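J.: generate a structure from the sequence data that follows.
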Amino acid sequence: MTATAERAPEAEVGAVPSFQVTMRIERYNPDVENPQPYWEDFTLTVHGTDRVLDALHAIKWDHDGSLTFRRSCAHGICGSDAMRINGRNRLACKTLLKDLDTSKPITVEPIKGLPVRKDLIVDMEPFFASYREVMPFLITTGNQPSSERLQSAEQRARFDDTTKCILCAACTSSCPVFWSDGQYFGPAAIVNAHRFIFDSRDEGGTQRLEVLNDKEGVWRCRTTFNCTEACPRGIEITKAIAEVKKALITRSF
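T.: This is a model prediction of the structure:
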């Protein structure tokens, strides 16, 4: 009687492939004596659908609970988890591990130009201070309206691109001018000023332009396009900055 050869088990239909990655995380603990940043490696088994944020969760939950990072919605909307991944500013929740070169360690470090508080968390106060200074709200005069302030589709389209900002700081912390001079307003603040300067319902454009005409304002931009490349929302940031510069010169907006 001939023995029947055993068949190798077939892969389950729809199964997600798994693979190993090494995550190289820049750590920083302010609570130790003479704190210094250092690198730490973690080797994980991950799946093809996993993002960098999933890997960070796995490290924190299963390997080292002291790993510290920000995250909230995990869907690329809140902007909480901006960090440098393989040397580029990205959102951890939008970056698939399989899209990176997993043959080498994947480096994860805090965004540049802002003080590091712990591990991947930076102090965002300087970033939000610049944001507040450009008055990111509708400015109007006169009595409270009795109906909606209407505008045409064309008027709305004029500033549509800059309404997409999620204040993740990926653009500002990718800017070489901001790295060297933390007083520069930075791309995100200028983008949010643009959103209101070109809003037909707003009456505070002149005030914002005066703020951005400061020596640390819009003229510090060197048009390197780092900010546009870093933006996870695809905003044409360099174009918006150029439009604000033109508005300053022509006072037409």
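
J.: surely L100 meets R90?
T.: No. Using C-beta atoms under 8 Å, L100 is not in contact with R90; the gap is 9.7 Å. Where C-beta positions appear, they are placed from N, C-alpha and C, glycine not excepted.

J.: which residues are common contacts for these two?
T.: V52 (C-beta atoms under 8 Å, 6 or more residues apart in numbering).

J.: compare those two (neighbour count), which wins?
T.: Applying other C-beta atoms under 10 Å to L100 and R90 shows that R90 carries more neighbours, namely 22 against 16.

J.: please work out which residues outside the helix or strand hosting the more buried one touch it.
T.: Secondary-structure assignment from DSSP states H and E places R90 in strand 88-91. For strand 88-91, contacts defined as C-beta under 8 Å, 6+ apart pick out 52, 76, 79, 81-84, 111, 168, 170-171, 173-174, 230, 232.

J.: swap in 10 Å and give it another go.
T.: Residues outside strand 88-91 that contact it (C-beta atoms under 10 Å, 6 or more residues apart in numbering): 51-53, 71, 74-85, 95, 100, 108, 111-112, 166, 168-175, 226-227, 229-233.

J.: which parts of that strand are buried?
T.: N89, R90, L91 (16 or more other C-beta atoms under 10 Å).

J.: try stretch 192-210
T.: 192-199, 202, 204-205, 207-209.

J.: redo the residues you listed as a markdown table? Include distance to H57 and secondary structure.
T.: Shown next, in a markdown table, are these (distance: C-beta to C-beta, whole Å; DSSP: H, G, I helix; E, B strand; the rest coil):
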| residue | distance to H57 | secondary structure |
| --- | --- | --- |
| N192 | 30 | helix |
| A193 | 36 | helix |
| H194 | 35 | helix |
| R195 | 33 | helix |
| F196 | 37 | helix |
| I197 | 40 | helix |
| F198 | 40 | coil |
| D199 | 39 | coil |
| D202 | 41 | coil |
| G204 | 42 | coil |
| G205 | 44 | helix |
| Q207 | 44 | helix |
| R208 | 40 | helix |
| L209 | 44 | helix |
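
J.: quick check, pLDDT for R149.
T.: Among the per-residue scores, R149 holds a pLDDT of 89.

J.: confirm for me that it is in contact with S200.
T.: Yes. Using C-beta atoms under 10 Å, R149 makes contact with S200 at a distance of 8.7 Å.

J.: I figured H47 hits F19, correct?
T.: Yes. In this structure, H47 is within contact of F19 by C-beta under 10 Å, at 8.0 Å.

J.: now do the shared contacts for these two.
T.: In contact with both H47 and F19: L97, K98, using C-beta under 10 Å, 6+ apart.
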